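J.: give me a model of this one.
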Amino acid sequence: MTSSDAEFEKLISDAGEWAAQDPDPITAAALAELTGLASSGVAAARQQLEDSFSGTLQFGTAGLRAALGPGPNRMNRVVVRRAAAGLAAFLQDAVEAASPGTRPRAVVGYDARHNSDVFALETAAIFTAAGIDTFLMPSALPTPLLAYAVRSLDCDGGVMVTASHNPPQDNGYKVYLGGRAVEESGQGSQIVAPYDSQIAASIEAVGSLDSIELAESGWTVLPGSITGEYEAAMAGLADVENFPARELKIVLTPMHGVGGETAVSVLNAAGFTDVSLVEEQAAPDPDFPTVSFPNPEEPGALDLALAAAARLDADIVLANDPDADRAAVAAKDPDTGAWRMLRGDEVGALLGAHVVARHAADVRQSDSSRGVFANSIVSSRLLSRIAAAAGFAHEETLTGFKWISRVPGLVYGYEEALGYCVAPELVRDKDGISASLLIAELAAAAKAEGKTIFNTLDEIYLVHGLHASDQLSIRVADLGLLDAMMNRLRADPPESFGGSAIETFVDLAEGSEQLPPTDGLLYLTKDLSRVIIRPSGTEPKLKCYLEVIKPVGSAAELAETRQAARTTLDHILADVREALGL
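T.: The predicted model follows:
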């Protein structure tokens with residue numbers, strides 16, 4: 001017998017053992033079929049089987065996220081049961097250490113993806129059996145509502161079963177900590193180190209699957225009023241006194257996700273009553289039939305919404321991703337007459353300026369209570385200029401809201417990937433619904449003055465300089481290619497980008513006083529152009545973030561300056577491709 005034959009026999013044996021313990025007849029049957037095809041010589045089946053059993057799905061700062069299917073390297077009921085049991089043990093230990101003799105509290109939410117409700121229910125059953133006071137969301141609801149509930153219900157932990165904007169074949173398991181399980185700055189936030197490794201160790205220590213107990217009852221299914229409480233809290237963010245304009249025609253798409261009903265309710269309650277849902281994408285559908293990727297950033301994702309906006313002569317399009325923690329906005333560009341989606345950095349600046357304006361209009365707030373603005377290191381530097389001019393402190397963090405949400409004194413935070421936190425006292429995470437409300441508020445205010453949000457952006461550029469950004473994303477089939485490209489840059493670093501010499505180079509893997517280590521490279525050129533290159537933390541992609549800054553003397557120079565910035569970005573893009581060997 002060759003080593004290949006022996007490896008295949010072990011693979012078949014492992015698959016058989018897995019199928020025998022699998023509590024899900026669907027994945028057990030799928031595994032039996034896959035094993036049969038692989039045994040009969042179907043190469044694709046063998047490859048899929050090998051990948052499914054190539055290792056154990058690793059629990060990290062994003063929790064768990066993978067394709068649905070049988071095997072330890074997929075999302076399924078076996079993997080979720082072990083994760084729930086490990087997380088339960090972690091919560092028990094953390095709460096016992098902080099408050100001996102008391103029971104942990106946890107809340108579990110889920111979206112409308114395939115198996116989300118099953119994974120959530122089994123998590124609630126395992127938590128309850130482990131002695132945790134457990135609350136289960138009443139239906140498939142947005143991720144921000146779960147993050148709100150962790151704080152509102154004073155829970156020590158929270159689980160959201162979602163894969164956010166991933167393809168339909170995926171699902172995930174996002175973990176929040178609160179109460180007695182985490183330090184003050186992390187109350188209600190997603191996990192970061194060292195909690196991720198501690199939870200992973202607890203999962204690893206879980207015994208056999210049949211040793212995990214599931215209660216038949218005992219958890220509390222939350223009443224629908226939890227949704228009403230969230231909606232009232234978000235609608236309460238509206239500043240009608242200082243920004244009374246509400247004449248705005250909105251087209252909104254939840255992109256086949258769970259945010260539509262909640263978002264419309266919040267907007268209506270805040271006075272925005274002219275809201276039209278994109279009919280084809282209004283109802284939750286785990287197959288996301290009208291989009292290739294259910295992510296507003298992806299080309300074509302907003303086509304139906306933009307068509308509806310043109311048909312209805314709308315003022316803006318608002319889009320949430322399927323779990324509604326992100327928000328996108330599109331409007332008709334007055335320079336071209338065409339509809340276009342704003343970049344995350346553009347919306348981030350608009351919201352930052354609007355938060356400043358709201359603060360300035362509120363005479364109850366003193367200068368000392370202004371707090372901190374924050375954004376991820378790959379986001380635009382424009383927010384720091386807006387903050388400084390208005391007397392707010394500013395911090396940069398690593399990519400991800402698990403970092404942004406932990407900034408002490410946070411008033412507003414965002415990341416360029418369409419994530420915005422406008423009410424950290426309510427939701428310590430990105431929230432596409434509350435962000436959509438403030439976007440509508442600033443757009444209505446602009447319309448009342450005869451302007452568009454693009455005019456508002458130009459006013460910001462006149463004060464702080466035109467900040468133009470772009471991205472290059474390289475999707476790979478083999479994760480090893482990401483390491484190879486990063487190693488190439490470290491071994492043979494570029495000397496310039498866009499014709500401007502590199503003056504500052506930072507290997508982010510080395511960390512600093514301000515930032516923990518992360519795999520990424522930062523370049524700053526003499527003309528203040530910036531390039532950051534890093535592997536994605538959630539997808540098999542290498543992501544390159546580009547930004548150029550151009551001073552603007554007057555409104556008459558804006559068009560010319562915009563074109564100059566675009567030309568510089570194009571030159572930098574070409575240089576980045578060359579540096580990566582593309």
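J.: give me the low-pLDDT residue ranges for the stretch 451-582 of the chain?
T.: Counting by pLDDT under 70, the low-confidence segments of the stretch 451-582 of the chain come to 538.
J.: the stretch 251-400 of the chain now?
T.: 363-369.
J.: which stretches of it form helices?
T.: Using DSSP state H, counting those that start in this stretch, the helices of the stretch 251-400 of the chain run over residues 260-269, 303-312, 344-361, 382-390.
J.: out of these, which comes closest to Asp519?
T.: Taking CB to CB, helix 344-361 is the member of the helices of the stretch 251-400 of the chain nearest to Asp519, at 21.5 Å. No exception for glycine: its C-beta is placed from N, CA and C like everyone else's.
J.: just the buried positions in that closest one, please.
T.: If you call a residue buried by 16 or more other CB atoms under 10 Å, then helix 344-361 has these buried ones: 344-359.
J.: and of those, the nearest to Asp239?
T.: Arg358 (5.3 Å).
J.: which non-adjacent residue is nearest the closest one?
T.: Asp239 (5.3 Å; CB to CB, 6 or more residues apart in numbering).
J.: please work out how many residues are found near that neighbour.
T.: Asp239 has 17 neighbouring residues, counting by other CB atoms under 10 Å.
J.: ok now do it, which residues does it touch?
T.: Arg358, Ala361, Asp362, Glu441 (CB atoms under 8 Å, 6 or more residues apart in numbering).
J.: cool, and Ala440?
T.: Here Ala440 is in contact with Leu248, Ile250, Leu267, Ala270, Phe272, Ile316, Leu318 (criterion: CB under 8 Å, 6+ apart).
J.: ok, back up a step: quick check, the residue nearest to Arg358 in a helix?
T.: No. Going by DSSP: H, G, I helix; E, B strand; the rest coil, the assignment for Asp239 is coil, not a helix.
J.: confidence score at it?
T.: pLDDT for Asp239: 97.
J.: could you measure from it over to Leu383?
T.: For Asp239, the distance to Leu383 equals 20 Å [CB to CB, to the nearest Å].
J.: one more: Ala28?
T.: For Ala28, the distance to Leu383 - CB to CB - is 50 Å.
J.: between the two, which is the more surrounded one?
T.: Leu383 (26 against 19).
J.: quick one, strands of the stretch 151-300 of the chain?
T.: 157-161, 170-177, 189-190, 220-221, 250-253, 275-277 (DSSP state E, counting those that start in this stretch).
J.: determine which stretch of these is the most buried.
T.: strand 157-161 (a mean of 30; mean count of other CB atoms under 10 Å).
J.: now tell me what touches that one from outside.
T.: Taking CB under 8 Å, 6+ apart as the rule, strand 157-161 contacts 84, 87, 91, 104-111, 113, 116-117, 119-120, 123, 132, 143, 146-147, 149-150, 171-179, 181, 188, 323.
J.: do that again at 6 Å, thanks
T.: Applying CB atoms under 6 Å, 6 or more residues apart in numbering, the contact partners of strand 157-161 are 91, 106-110, 116, 119-120, 123, 143, 146, 150, 174-177, 181.
J.: check stretch 256-275 too.
T.: 111-112, 140-142, 231, 234-235, 238, 246, 249-250, 252, 254, 277, 281-282, 284-285, 288, 320, 322, 324, 433, 436-437, 440.
J.: in it, what counts as buried?
T.: Quick answer for stretch 256-275 (16+ other CB under 10 Å): 256-267, 269-272, 275.
J.: gap between the two ends of that stretch?
T.: Stretch 256-275 has an end-to-end distance of 17 Å (CA to CA, to the nearest Å).
J.: what of stretch 288-300?
T.: Taking CA to CA, stretch 288-300 runs 13 Å from one end to the other.
J.: roughly how far is it from the heart of the chain?
T.: Per CA atoms, centre = their mean, to the nearest Å, the displacement of stretch 288-300 from the mean C-alpha position of its chain is 15 Å.
J.: what are the buried residues along that stretch?
T.: Applying 16+ other CB under 10 Å to stretch 288-300 flags Phe288, Thr290, Val291, Phe293, Pro294, Asn295, Pro296, Glu297 as buried.
J.: farthest pair within the residues you listed?
T.: Thr290 and Glu297 (16.0 Å).
J.: follow-up on the earlier one: and the buried ones among the contacts of stretch 256-275, selectable in PyMOL?
T.: Of these, the buried ones can be selected in PyMOL as follows, counting by 16+ other CB under 10 Å:
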select buried, resi 111+112+140+141+142+231+234+235+238+246+250+252+254+277+281+282+284+285+288+320+322+324+433+436+437+440
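J.: please enumerate the helices of the stretch 451-582 of the chain.
T.: Using DSSP H, counting those that start in this stretch, helices in the stretch 451-582 of the chain cover 453-464, 480-491, 558-580.
J.: list the contacts of stretch 533-549.
T.: Applying CB under 6 Å, 6+ apart, the set of residues contacting stretch 533-549 from outside is 62, 378, 380, 465, 467-476, 479, 482, 485, 519-521, 528-532, 565, 568-569, 572, 576.
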